[in-house]
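> Sequence and predicted structure, then a few things I'm wondering about:
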Amino acid sequence: MPSIYLCFVWHMHQPFYKDLLTGEYRLPWTRMHALKDYYGMVQILDEFPDVHQTFNLVPSMLAQIDEYATGAANDPFLRIALKPAEELTGDEQSFILRYFFQANPGRLIYRYPRYGELYDMWQSSGRDSKRARRLFGMGELRDLQVLSQLAWFDEEFQERDPGIRGLVEKERGYSLEDQALLGRKQPQKMALVVPIYREFARRGQIELTTTPYYHPILPLLCDSNVAETAHPYVPLPSRFSYPRDARLQLERARDFMKTEFGVLPVGLWPSEGSVSDEVLTLAAETGFTWSASDNEVLARTLGRDAGAFETYRPYVWEQQGAKLRMIFRDHRLSDLIGFVYSRMGAADAANHFLHEIRENCRGILANGEDALVPIILDGENAWEYYERNGRPFLRELYGRIAADGQMTAVTVSEALAKIEPRPIDHIFPGSWINANFDVWIGAEEDNTAWDYLLRARRTYDQVLEGVVGVALTESQKQLAMEELLIAEGSDWCWWYGPEHDSANRPEFDQLFRGHLANVYQALGLHPPDELSRPISGAVAKESHDVPTGVINATVDGEITSYFEWLGAGLFHVDNRSGAMHGQRFVIRELRYGSNGSSLFLRLDFEEHATAALSGAVVKLNVGPAADPRRVTSANLHIMAGVHQAAAGLEYAFSRILEVKVPLAGIGAGLQQPVRFQLSLWQNGLPLDAIPQQGWLEVATSEPGEWF
């Protein structure tokens, strides 16, 4: 009987946060994710021995973990977290308040009641560290120091380590001894990461693959002008063409993995699924036997849509004697795990995922063929949005796969040994994001970064060729090249341009410019003045303006007049992505207001989404703020006309969605504060939500009192 071979490839990656000249780690995220994700994602497979998977490990991330595990990492974030609260300077207190709430509120912060209290205090200060310092005494600061670290410990560590479990159960009132305990536990737990990958690879339950050493976009290193093939007439910087750097990044990655795990990897996940014919040639020449990309790249390669019959099979790429087997990830299913299932119950999400696979494979199996289903995605960032770090969902999913008689979870190499590949003689140059390179090149900030990188790279060549007369030691040359390789990484341009945003965007900008400045300093030259100025400009933020007038809207789904919603509160959605790219935003903005007896809501949708909302449902939860247990729930079906729902609620949809909520119907007294949340669903899947976490609480009395 034909089979479904399910190939999970979990990509584990963090930017290189270390400044090689100072030895200091500028951001803590490698440490945080090493505590929260890397160990547990493998350890959970011990419960499901028949579930085999592939883990892609970026060498520059592993090198950082090794330093943390041995205590060699110089991390100011950890140093301040462990410093006695009584000894913190004013600047250090402000540092803690600014950085130690950088976690998902719903899943990480409010999971710990005391952490949630401290977060509320920070919010009430307007996120102003000077004002907040008047609210945070030594006890509050120490609790924040401890909880901001404790929240990132893996489920396995919290459940099985008595010391960590004791800190969780203590909840508040932490001591210097508790801080010291956290300081000892962090390197201990990080030292477990590499050994568990080594052990499960030895068992044959996981396959280890890798990425170019510092995670560069290889096609752009080989020739930045290749971006114009994927996006004709895209604005481009001066041409960057250093294929020898691309080869070096590949060779360094294989050598590192051999040293770390004792085996040379045969599989390559090129950074961000970015491929070109030149890159695949380099990969094959370097010793890789298979690689992967996205099925949108496959579609552009084949010149037609890539459905299940095309996506769920392997290929073999061959040009001029170079050969590489290829798989192409199911973009939609991978994104469901990354961005959608976190808002569903674990069992419902697992059932939906496997149902989708079976439906997709029905025609292939009926044709007497096996199906190879590639699921490739970030193995770390998504879990911050899931209940208990995604472990309930993964257990539900893996348990169902293990019990399925026709579906088997295998490593990529295991799958490739079972199914004959189809030949392709070229690959379309693109990445897993829209089958182009627009995230990393083309925007003004991106192009500026490439120009700065090119000038530094040329300067390095000129010094080595004697054009610039500087006498260098071998160690200086090596340091300059290392900094260049780091600056070639994809992570810096990820945050340049309009696509993504982060609270740490300024730090990423500083890191990139710092690495380039280090190139010049290593070469004995003064860095150019341009590197002293930020590349990234201001970006739009999510905004929330409170109402300034009474609202009495006509509920008809139309913008009846300019004045109808004048003075309403406005919640404008920031639709840029963060560390993971792929979340689809559908709601553009929410307007709201009251006349004292009813709450009025208005949803405006993104233009591209409005036509596809047929059959969608807005789920509204609303109730009196004074009684959080009292919640009225209503399903608002997106269909033309005026409709009634629970508790006398009235709504209408045409160009917009308008809702009228009588306060008496939801148990709220006249002019009493209420709170609400809404989410948009279609075909049983959540599409969007306002707010993304928690509730919006609003007054229904006089304008100006809303918050």
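Looks like it arrived, so ask away. Keep in mind the model is a prediction, meaning the values are calculated, not measured. Residues are numbered from 1 along each chain as shown.

> Domain-wise, how is the chain divided?
1-69+196-434, 71-190, 444-532, 543-698 (automatic domain parsing).

> In TSV, list those domains along with mean pLDDT and mean neighbour count.
(C-beta placed from N, C-alpha, C; glycine too.) Below are the domains of the chain laid out as TSV (pLDDT from 0 to 100; neighbours: other CB atoms under 10 Å):
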stretch	mean pLDDT	mean neighbour count
domain 1-69+196-434	97	20
domain 71-190	96	17
domain 444-532	92	18
domain 543-698	80	17
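
> ranges for the helices of the stretch 301-450 of the chain?
308-311, 331-335, 346-366, 391-403, 412-416, 444-464 (DSSP state H, counting those that start in this stretch).

> what's the angle from the third one to helix 391-403?
I take that to be helix 346-366. Helix 346-366 and helix 391-403 meet at an angle of 30 degrees, taking axes from the mean of the first three to the mean of the last three CA atoms, to 10 degrees as the criterion.

> Tell me which other helices or strands helix 346-366 touches.
If you count contacts as 3 or more CB pairs under 8 Å, 6 or more residues apart in numbering; DSSP states H and E, helix 346-366 packs onto strand 4-12, helix 308-311, helix 331-335, strand 371-378, helix 391-403, strand 407-409.

> So in that sheet, which strands flank the shortest one, and in what orientation?
Spelled out, it's strand 407-409. strand 4-12 (parallel) (DSSP bridges).

> so how far is the first residue of stretch 624-640 from its last?
29 Å (CA to CA, to the nearest Å).

> hmm, who's touching it?
557, 613-623, 643, 645-647, 649, 651, 653-654, 657, 659, 665-669, 672-675, 697 (CB atoms under 8 Å, 6 or more residues apart in numbering).

> ok, now stretch 326-335?
Applying CB under 8 Å, 6+ apart, the contact partners of stretch 326-335 are 7, 9, 273, 290-298, 306, 311-312, 314-317, 353, 356-357, 360, 372-377, 412, 415-416, 421, 424, 427, 432, 582.

> Centre of the chain to that stretch, how far?
The chain centroid and the centroid of stretch 326-335 are separated by 16 Å, computed with CA atoms, centre = their mean, to the nearest Å.

> Assumed residue 555 was part of a helix.
No. In this structure, residue 555 is coil, not part of a helix, as judged by DSSP: H, G, I helix; E, B strand; the rest coil.

> and residue 524, helix, strand or coil?
coil.

> Likewise for residue 599?
Applying three-state DSSP: residue 599 is strand.

> In contact with the spatially closest residue to residue 415 that is not a sequence neighbour, which residues?
The shortest distance from residue 415 to any non-neighbouring residue, by CB to CB, 6 or more residues apart in numbering, is to residue 5 (4.4 Å). Contact partners of residue 5, counting by CB under 8 Å, 6+ apart, are 370-373, 408, 410, 414-415, 418-419.

> Which pair in those has the greatest spatial separation?
371 and 414 (14.3 Å; CB to CB).

> if we can go back for a sec, relative to residue 125, which of the helices of the stretch 301-450 of the chain is closest?
It is, among those and with distance given as CB to CB, helix 444-464, at 31.7 Å.

> Can I get the very next helix or strand once past the closest one as CSV, trimmed to CA atoms?
The helix or strand immediately downstream of helix 444-464 is helix 474-487, counting by DSSP states H and E. Provided in CSV are the C-alpha atoms of helix 474-487 (Å, rounded to 0.1, in the frame of the first residue of the first chain):
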residue,chain,number,x,y,z
GLU,A,474,48.2,36.7,10.1
SER,A,475,45.8,37.0,13.1
GLN,A,476,44.7,40.5,12.0
LYS,A,477,43.9,39.2,8.5
GLN,A,478,41.9,36.3,10.0
LEU,A,479,40.0,38.6,12.3
ALA,A,480,39.1,41.0,9.4
MET,A,481,37.9,38.1,7.3
GLU,A,482,35.9,36.6,10.2
GLU,A,483,34.1,40.0,10.7
LEU,A,484,33.4,40.1,7.0
LEU,A,485,31.8,36.7,7.0
ILE,A,486,29.7,37.7,10.0
ALA,A,487,28.6,40.9,8.2
